[in-house]
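# I would like to see how this sequence folds:
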Amino acid sequence: MTFTHLRPLLRVFAILVILGSLTGCLSAGDQGEAPASDPPEARPGVVLASPSISPRSAALKSPLYRTPPIAKIKCKLPLLEEDSWGSMRRYMQAVSGCLDRVWARQFAKMHASYTPPKRKYLAKRIKTTACDGLTPPKGAYGVYCPSNKTYYVLADRSSWASYHAFWAAHLVAHEHSHYIQDLVSILNYHAELDTKARNQQDRLLAENRLEDQAGCFAAAALQAMRDTLPSWSEFISMYRSEKDLKLYGVWLDRGHNGGRLGSCNTWTAPMKKIG
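Numbers count the residues shown, from 1 in each chain. Below is the predicted model of the structure:
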């Protein structure tokens, strides 16, 4: 089953998350795929919540929330050339490599292992079975598919991302954060809420909690690279000035201000604070 992100908040990014019982991965033309290698900090294995822990506890009481603030790292990013797909691909690949280092160190703080996700950078949309069809879907620039632990990012030179390096970095970091949610079984809780939803409003609330948290995680990780990223204030100003974007922007600020993952627990937040 495919769950499409519906709220106007993320129409700028059109980020989608695919959940459900999907198997295999078949790409019809993997143009622009960039292989990812494990960073030095990564250790074999994937963190999963203990079978004795319910999906609800995995989301509401994740050990990630108790880790220290994400520390700053040295991250060398290439210059982003306007109207160049190759430049965008290299930039996104560098960002994702730095994110691997950030998350490997954070998982080590809770004495857990981390394996980087697979990732594909595309010049155009492709068809996959893992993502249930066109990947990313029309109107979207990124998607994470739990069935093959892979996120797909469209490094399209005609897209919005070509005009602002921070937006491109956030797109990659957001999809990477869905992978983190998968590792610690937060996605399982979202799936449980969706199954139990009584109506579309309940389903949308669960989806918004998931996306707000992914944005918060992404901002917390990106603040560790702040020395080589463009101005945060310029990036976040769009969210602060637009009514439909403000709540998502609040979660971005929560993550970026201090890098504490405990500030990103959207699952216990009042409904009025979820965008």
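
# Please, which helix or strand holds the residue lying farthest from the centre of the chain?
In the chain, the residue that sits farthest from the middle, by Cα atoms, centre = their mean, is Arg198; the gap is 27.0 Å. Assigned by DSSP states H and E, Arg198 belongs to no helix or strand.

# Got the confidence number for it?
You'll see Arg198 listed with a pLDDT of 93.

# what does Ser54 give?
In this model, Ser54 carries a pLDDT of 91.

# go on, Gly258?
Note for Gly258: predicted pLDDT of 89.

# Also the one 5 residues further on?
Confidence at Ser263, expressed as pLDDT, is 97.

# Would you agree His174 is in contact with Gly215?
Yes. Counting by Cβ atoms under 8 Å, His174 touches Gly215, with 6.0 Å between them. No exception for glycine: its C-beta is placed from N, CA and C like everyone else's.

# rewinding a little: next, give phi and psi for the residue farthest from the centre of the chain.
Main-chain dihedrals, Arg198, degrees, to the nearest 10: phi -80, psi -20.

# Could you do Thr135 as well?
Per-residue torsions, Thr135: phi -130, psi 120 (degrees, to the nearest 10).

# I'd assumed Val153 was in a strand, is it?
Yes. Assessed with DSSP: H, G, I helix; E, B strand; the rest coil, Val153 lies in a strand.

# Identify the bridge partners of the closest residue in space to it that isn't next to it in sequence.
Excluding the flanking residues, the one nearest Val153 by Cβ to Cβ, 6 or more residues apart in numbering is Gly142, at 4.7 Å. Beta-bridge partners for Gly142, by DSSP bridges, are Ile15, Val153.

# ranges for the strands of the stretch 101-250 of the chain?
Using DSSP state E, counting those that start in this stretch, the strands of the stretch 101-250 of the chain run over residues 118-122, 126-128, 133-135, 142-145, 150-154.

# still on that earlier bit, tell me how far the residue farthest from the centre of the chain lies from His164.
Separation of Arg198 from His164 (Cβ to Cβ, to the nearest Å): 40 Å.

# looking at it, Ala59 is touching Tyr189, isn't it?
Yes. Look at Ala59 against Tyr189 with Cβ under 8 Å: they come within range, at 3.8 Å.
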